[in-house]
Each structure stands twice: as C-alpha cells, then as structure tokens.
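Visitor: Next come a sequence and a model predicted from it.
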Amino acid sequence: MKKRKLVALLATVVLVASLFAGCGSSKKTDESGKTTQDTQKPKVMIGLSTDEGGLNDKSFNQAADTGIKKAQQEFGFNYKAVESTSKDAYVPNLQALALDMKSDLTFAIGYQMEKALTDVATQNKDKRFAIVDSVVKLDNVQSLVFKENEGSFLVGVIAAKMTKTGKIGFIGGQQGDLIGKFEAGYIAGARAVNPNIKVDVRYANSFSDSSKGAELAKAEYGEGSDIIYHAAGGVGIGLFQAAKELKKAGKQVWAIGVDMDQAITVLDENKKPSYADVILTSMIKRVDTATYEATKDVVNGTFKGNTVKVFGLKEDGVGIAPSSRGEVPADMKDLVKSNVPQDVLAIVDKYSAAIKEGKIVVPEKPADAKTFTTDAVK
C-alpha cells in the first residue's frame, strides 16, 4: 500500500511539472529590444482527464478531446489533457488540473471516474467539473449522458437487414448499466426487423485488451455470427483485426464500430484507414458535441452545475456513421466506401424518425430488449 501511494505521489509531481511546462507566462520583446515577461494569464483554462483508455483510444476519450479542441479554435483558451494509466491516477489527475492548473472546468471522461470525480468535486466546491457517461448530483458538476440505446437500435436494424446467417454478435467492454444500453438497443433494433434473429453476446471485462477482442470475435464468427457490433473501446481493435483476417481468408463478415466513425478514424502508420473494408458502419456517440457545449457554457459564463444534459437522436447526440452515407474526407474518397445499401439506409431513417417522434421507445436493459417488438415501421 505504501508503495502504491508513493507511486501515485511521484506520478502527481511529474504530472504537475508537465502541466506547468508550456502553460506559464510568455516572453516578449519591448521597443528597446529587452526581453520582458508577459504575466497575463488566459481568461479560461480547460482540463481533461481520460480514463484508462487514453486519448488515442479511437473512441470516446478521443472524441471528448476533439470537442474541446474545436471549442479552443473557436473561442481561444488554454487547454491541457492528461491520460490516466490506471484507476489510481484518477484523483491525482483531477486534482492537478483543478487545483495546480486552476482549470475553470475539469472534465472526467467515463463512468469509471465517477467516484474520483465525486470525491474531488466534493472537496473543492469552488471549482467546476463535468463528467461524461455518469450522473453526479453536485452543485459544481455538470453531467453529460447519452441515449446509446437509440443509436445502437439503428445499427441493430442495419445488422438484421444485412446478415446472411440470421445470427449477429455483440462484444461489450464491462457488464453494467451503461454498456447494457448499447446491448439492449442493438438487440431491440435487430428484433424490430426480425423477431427470430439470434444475437450472440459476450463481454471482454476490459476496454483496452485488443487481443481479448480478437479472441471473442473469432469465437462469435466461428459460431455463425457474420456481423458483430462492439461497445468496448480499444477491445474493438481486436474485433476489426479478426474481421480483416477472416475476410482475407474469403469469409463474408462485418464489424460495426462505436463512438466515432471508425472506418475513417482508425488509421495505420501512414494515416490511412486500416479497416474501412470490414467496418460496415459505426454507432456515433457525439461526445465531442457534449464537451464542446460544456466548454462553451464556461466561456460564455452560462455553466450550470447539478444539471444533466442528455444527448439522444433528437439532439443529434447519437446516430450512424456519416461514412455510411458517403460523407468522407476528400483525401479518403478512394479508400472509404459506403458499405450500407441505400434501401437499408432508407429503412434506418424511418426507424430514426419513429424514435424521435416517440412512436418507438427503445429499451435500456437487455432483459427488456429480448422481448421487444414494434410495428411502428412498415
């Protein structure tokens, strides 16, 4: 225990030193040619701490960072992001950003950071915080949550329409209420199209173990699933690798990404899409929109704590990948093609409209999804 505390303390010292590097005052030259110190501080400082997935998870941590950087370009402020290599780093990272860096808003990314964020926010009531994927009811905390079940419903529709075997798969990170929403929506969407469809569900008990993702994917593909959706962060890279390997061997299989448009965001060392030929679509979770909006609130002086902001289909907080509709960066046009036929997209749009209009209420729990039926879309 003493060793762990010492490691955490040393990590904090190193972190604080790195935080201040590049974020202090700047030097300028006056009319006489002498160098002077500009001690004026920026009006706003934003901080972000990832969970164990890290900034380059090609998923929601990266999306959160993207949203803040977009706001930074628009409004101009100082920004520092730090990565947590373990759960022991959550509290030190949040404290370093909020106290040492005097962040005006500190983001905790992921439900796994709920306890750490609650502890730090409770002890520092004069500081403002925001958390993604969890609800913390404190006057200085804004909670940013999503209707992942609604977006997952749409990719479930796609999977059910495009499967050749009548069996599809799901790989989750860790079982719980949050990932259960992805699973529930996916199953419900598939059942909306085909009540008799089979769904193979497995969990990796990790959000970073790509080898486990490959192992689970090969097992599901081997037992008849030809389309697999993941909600497992970095574990999903293993799914993509398995799909690519099987496709090279002549198998007709697909993978479905999550959080970001993974057909265009998962790149190789040459900055080219790695798995665009096996990623059927992705369920987009606009964490970037959420972090952008919370940051804008601080910049504009309209931030409100003890509030929960919910992002669903209506709020454009979830949906299917733009690349599925041919919306691809110009330099990727020849590398990324739409893998979802137009007739399937038309059906997806009908289900999306029905959800937005309240004609379909997507279940949040897998147990409810297993008996889900609807006749809202003909």
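Guide: It's in.
Visitor: quick one, strands of the stretch 1-150 of the chain?
Guide: In the stretch 1-150 of the chain, the strands defined using DSSP state E, counting those that start in this stretch lie at 26-29, 35-38, 45-49, 78-82, 105-109, 129-132, 141-146.
Visitor: quick one: the most centrally placed residue in the chain from residue 232, how far?
Guide: The residue lying closest to the centre of the chain (C-alpha atoms, centre = their mean) is residue 60, at 2.0 Å. Residue 60 is 11 Å from residue 232, where distance means C-beta to C-beta, to the nearest Å. Glycine gets a C-beta too; all of them are placed from N, C-alpha and C.
Visitor: Now list whatever residues contact both of the two.
Guide: Shared contacts of residue 60 and residue 232 (C-beta atoms under 8 Å, 6 or more residues apart in numbering): none.
Visitor: remind me which residues of this protein are low pLDDT?
Guide: 1-42 (pLDDT under 70).
Visitor: For it, which segments count as helices?
Guide: 2-20, 60-75, 90-95, 114-123, 148-162, 177-193, 210-222, 235-248, 262-265, 287-300, 342-356, 366-369 (DSSP state H).
Visitor: out of the ones you listed, nearest to residue 275?
Guide: Closest approach to residue 275 among the helices of the chain (C-beta to C-beta): helix 235-248, 4.1 Å.
Visitor: Just list what that closest one packs against, helices and strands only.
Guide: Using 3 or more C-beta pairs under 8 Å, 6 or more residues apart in numbering; DSSP states H and E as the contact test, the elements touching helix 235-248 are strand 167-172, helix 210-222, strand 227-231, strand 254-259.
Visitor: Next, the angle strand 227-231 makes with that helix.
Guide: Angle, helix 235-248 to strand 227-231, by axes from the mean of the first three to the mean of the last three C-alpha atoms, to 10 degrees: 160 degrees.
Visitor: quick one: buried residues of helix 235-248?
Guide: 235-247 (16 or more other C-beta atoms under 10 Å).
Visitor: Let's have the helices and strands packed on helix 235-248 in JSON lines, adding mean neighbour count.
Guide: Listed next are these as JSON lines, based on neighbours: other C-beta atoms under 10 Å:
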{"stretch": "strand 167-172", "mean neighbour count": "26"}
{"stretch": "helix 210-222", "mean neighbour count": "20"}
{"stretch": "strand 227-231", "mean neighbour count": "30"}
{"stretch": "strand 254-259", "mean neighbour count": "29"}
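Visitor: Tabulate these (CSV), appending distance to residue 317.
Guide: CSV is the format used below for those (distance: least, C-beta to C-beta, whole Å):
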stretch, distance to residue 317
strand 167-172, 20
helix 210-222, 25
strand 227-231, 16
strand 254-259, 12
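Visitor: Which one of these lies nearest to residue 146?
Guide: So among the helices and strands packed on helix 235-248, strand 254-259 is nearest, using C-beta to C-beta, at 9.8 Å.
Visitor: what lines up beside the closest one in the sheet?
Guide: Note on strand 254-259: by DSSP bridges, its sheet partners are strand 227-231 (parallel), strand 279-285 (parallel).
Visitor: got the angle for the last one vs helix 342-356?
Guide: Between strand 279-285 and helix 342-356, the angle formed by their directions is 20 degrees, by the same axes, to 10 degrees.
Visitor: Identify all contacting residues around strand 279-285.
Guide: 60, 63, 146, 148, 151-152, 154-155, 158-159, 162, 182, 227, 229, 231, 240, 243, 254-263, 266, 317-324, 339-340.
Visitor: If we use 7 Å, what do you get?
Guide: When contacts are defined by C-beta atoms under 7 Å, 6 or more residues apart in numbering, strand 279-285 is touched by residues 60, 146, 148, 151-152, 155, 158, 162, 227, 240, 254-263, 318-321, 324, 339-340.
Visitor: rewinding a little: looking at the helices of the chain, which is buried most?
Guide: helix 148-162 (a mean of 28; mean count of other C-beta atoms under 10 Å).
Visitor: residues in contact with the residue nearest to residue 213 when sequence neighbours are not counted?
Guide: Spatial nearest neighbour of residue 213, excluding adjacent residues (C-beta to C-beta, 6 or more residues apart in numbering): residue 238 at 2.7 Å. Residue 238 makes contact with 210-214, 217 under the criterion C-beta under 7 Å, 6+ apart.
Visitor: could I get those residues as TSV with distance to residue 358?
Guide: Shown next, in TSV, are the contacts of residue 238 (distance: C-beta to C-beta, whole Å):
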residue	distance to residue 358
210	39
211	43
212	39
213	36
214	40
217	36
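Visitor: With respect to residue 195, which of those is nearest?
Guide: residue 217 (25.5 Å).
Visitor: Spit out the contact partners of the closest residue to the closest one other than its chain neighbours.
Guide: Using C-beta to C-beta, 6+ apart and skipping residues adjacent in sequence, the residue nearest residue 217 is residue 242, 3.8 Å away. By C-beta under 7 Å, 6+ apart, the residues touching residue 242 are 214, 217-218, 221.
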